[in-house]
Every structure is written in structure tokens, then in C-alpha cells.
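Participant: Sequence below, structure please.
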Amino acid sequence: MRFALISSCLIGLNTKYDGTNNLRSEIVKRLKKEYILIPVCPEQLGGLPTPRNPCEIKDGKVLDIEGRDFTDNFYKGAIETLKVARFFGADIAFLKSKSPSCGFGKVYDGSFSRRLVDGTGIAARVLAENGIKIVCID
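Facilitator: As a prediction, the model looks like this:
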């Protein structure tokens, strides 16, 4: 079986910014038949606590709802996530859609109004640039 990264919130770990999760048990159940799933939370790997303020990408920076810049934490978490992928030889990552870390194709626009724009989260971009296939799960 192949190794695959998965956003830890999708398997039910309470790593989401508000201290909850995005459990997708049926999807995870299917994926476990094909892959050995390695849970990661790039935001935690970047040193951010849980819970934490919500963050969105605006003008290339990752800002929380109070306007504080957490871009460096998001890049650190992306690099650490890439290290995990390389360690296990994972060539695919199942990531939470719309997230400023894990979103791929669409992310929130930085206004905290739930508007989506074309874009990619920091960890998803770093993984994709390094040959990891990204599959987003809503």
C-alpha cells in the first residue's frame, strides 16, 4: 500500500482553528482501503495553537481576523509537512478544501466574509511544487 498525507481534521482530530474537526468518515474509510494515511496539520506544524483565530490569505500574506501576520508560521508548517511527505514517500495528499494551508484551487478571499477566490493554500502549494498530487476534500 502507498502512503498518503491527509489533513488531520478530516480524520476527526480536533485541529481545526476553532478546536473542532471536519471528520469525513465515509471518505476516510474508503481511502484507508487504498492508502496508509498520515495525518498532518500544517498550521500546528508551523507552531500555531489550537484553538486559534481564523486566518485567510490576502495579498500574499496569511492574516488572522485581527490583522496579525502569520505568514511565516504557515510557510514553516508547509515545509514541515513536506518533510513528513518525503519521510514516508507519500506522493499524494488529501487536504481540506478552502483552507489557507490546505486549500487547492479555491480559498477564502481574506475578507472573512466566506467569499471564495481562485487560489491555493500555502502547504498545498509547497507540496504541489514538490511533486505531491493534491486532492481536496470539502
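
Participant: Go ahead and confirm Val107 touches Glu56.
Facilitator: Yes. Taking Cβ atoms under 8 Å as the definition, Val107 is a contact partner of Glu56 at 7.3 Å. Placement of C-beta: from N, CA and C, glycine included.

Participant: which residues in this protein form strands?
Facilitator: Here the chain has its strands, by DSSP state E, at 2-7, 35-40, 55-58, 61-64, 92-96, 104-108, 116-120, 133-137.

Participant: Select, out of those strands, the one closest to Val84.
Facilitator: Val84 sits nearest to strand 35-40 of all the strands of the chain, at 5.6 Å, using Cβ to Cβ.

Participant: got the residue ranges for the helices in the chain?
Facilitator: Ranges of helices within the chain are 25-34, 42-45, 71-88, 122-129, based on DSSP state H.

Participant: which residues sit against the second one?
Facilitator: By that I understand helix 42-45. Contact partners of helix 42-45, identified using Cβ atoms under 8 Å, 6 or more residues apart in numbering, comprise 8, 15, 17, 50, 52, 55, 73-74, 76-78, 80-81, 84, 101-102, 122-123.

Participant: among the residues you listed, which ones are buried?
Facilitator: 8, 15, 17, 50, 52, 55, 73-74, 76-78, 80-81, 84, 101-102, 122-123 (16 or more other Cβ atoms under 10 Å).

Participant: residues shared between the contacts of Val107 and Glu56?
Facilitator: Residues touching both Val107 and Glu56 (Cβ under 8 Å, 6+ apart): Pro100.

Participant: Excluding covalently adjacent residues, which one is nearest to the residue nearest the centre of the chain?
Facilitator: Most central in the chain under Cα atoms, centre = their mean is Cys102, positioned 2.7 Å from the mean C-alpha point. Excluding the flanking residues, the one nearest Cys102 by Cβ to Cβ, 6 or more residues apart in numbering is Leu95, at 3.6 Å.
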